[in-house]
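Student: how does the following fold in three dimensions:
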Amino acid sequence: MWFTVAGRYQRGEKLAEGGSGTLYRAIDSETQRELALKCFHMHRAFDEALLPSLREAQTLAHALGQGVLVPLLDIGTDEDGTPYATMPLLKGETLAARLTRPLHERESQAIASGLAHAVVALRGAGFTHGDLSEENVFVLHEGGIVLLDHESVGRVGTPRPLRHTDGMPDLAPGMREESDDAQALLSLKDTLTRRASPEHVITYRYMIGISLVFALAALLLVLVLR
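Tutor: Reported below is the predicted structural model:
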């Protein structure tokens, strides 16, 4: 079933859900363009800093270009006051989802390189992401990565981003520093290194799996023919 948001966006199936909001597939009734629509949880409507933060992230994403932040197309509030943001409907998956399958060494290195580029670009502009995690890294099917969760992005020297537990925001102590994303980046790189396998190892695993399938099929055929 489709619902209308802000009198313009036809909200369809749910794509993902996180601590701050829910992401839907949607259609812009003005352009007929398919896009992604993030509807923030209602308690975020009382966060006066949310929309200014999103607009700042929108400007930043445009300035930094591809490979850093997902572009934000439109930001506003629905008739009931619920904040929303729209963005391109990307083809790919989160790094968390990608890590559930075998990962080639060269792909691991490419993702790590993309992450480093994004963090350096943000730092060069005087910003930190603030919540760099496997769930907030999107691996594109055509190659490369982009970062999700715009509401966590902020300027160095401002309070660290809100964390959401059970729908309630908790302010992480302290102010943002240039090094805030560094530890998270090291952790992600370590995970990628540990999970990566040389291509010949992954090929061998697939060959073993296929061989087992054929062996099982042959055994079943013998049993049936008896």
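Student: okay, CA-based contacts and neighbour counts for the rest of this
Tutor: Will do.
Student: helix or strand with the lowest mean pLDDT in the protein?
Tutor: Taking mean pLDDT, DSSP states H and E as the measure, strand 168-171 is the helix or strand of the chain with the lowest mean score, a mean of 45.
Student: beyond that strand, next helix or strand please.
Tutor: Next helix or strand after strand 168-171 toward the C-terminus (DSSP states H and E): helix 180-195.
Student: other SSEs contacting that following helix?
Tutor: Packing contacts for helix 180-195, counted by 3 or more Cα pairs under 8 Å, 6 or more residues apart in numbering; DSSP states H and E, involve helix 105-124.
Student: buried residues in the helix it packs on?
Tutor: 105, 107-108, 111-112, 114-116, 118-123 (16 or more other Cα atoms under 10 Å).
Student: what about that helix, average pLDDT?
Tutor: Mean pLDDT, helix 105-124: 95.
Student: any figure for the gap between the residue most central in space within the chain and Gly130?
Tutor: Geometric centre of the chain, nearest residue: Asn136, 3.6 Å, by Cα atoms, centre = their mean. When Cα to Cα, to the nearest Å is the yardstick, Asn136 and Gly130 sit 10 Å from each other.
Student: swap in Glu107?
Tutor: For Glu107 relative to Gly130 (Cα to Cα), the value is 25 Å.
Student: and His104, how close does it get to Arg176?
Tutor: In terms of Cα to Cα, His104 sits 34 Å off from Arg176.
Student: no, scratch that, I was asking about Thr193
Tutor: Distance from Thr193 to Arg176, by Cα to Cα: 28 Å.
Student: what does Leu122 give?
Tutor: Distance of Leu122 to Arg176, computed by Cα to Cα: 13 Å.
Student: just Val119 next, same as before
Tutor: 14 Å.
Student: which neighbours do these two share?
Tutor: The contact sets of Val119 and Arg176 overlap at Thr128 (Cα atoms under 8 Å, 6 or more residues apart in numbering).
Student: quick check: neighbours shared by Leu122 and Arg176?
Tutor: Thr128.
Student: the domain parsing of this protein - what is it?
Tutor: As recorded under automatic domain parsing, the domains making up the chain are 3-88, 92-201.
Student: would you single out the least confident of those?
Tutor: Minimum mean pLDDT among the domains of the chain: domain 92-201, a mean of 86.
Student: so what's the nearest residue to Cys39 once chain neighbours are set aside bridging to?
Tutor: Nearest residue to Cys39, sequence neighbours excluded (Cα to Cα, 6 or more residues apart in numbering): Tyr84, at 4.5 Å. Beta-bridge pairing for Tyr84 (DSSP bridges): Cys39, Gly76.
Student: Met42 is in contact with Tyr84, correct?
Tutor: No - if you go by Cα atoms under 8 Å, Tyr84 and Met42 don't touch, sitting 10.3 Å apart.
Student: so between those two, which is more surrounded?
Tutor: Each of Tyr84 and Met42 has its neighbours counted (other Cα atoms under 10 Å); Tyr84 has more, 23 against 15.
Student: how close does the more buried one sit to Leu72?
Tutor: Separation of Tyr84 from Leu72 (Cα to Cα): 11 Å.
Student: one more: Glu178?
Tutor: In terms of Cα to Cα, Glu178 sits 24 Å off from Leu72.
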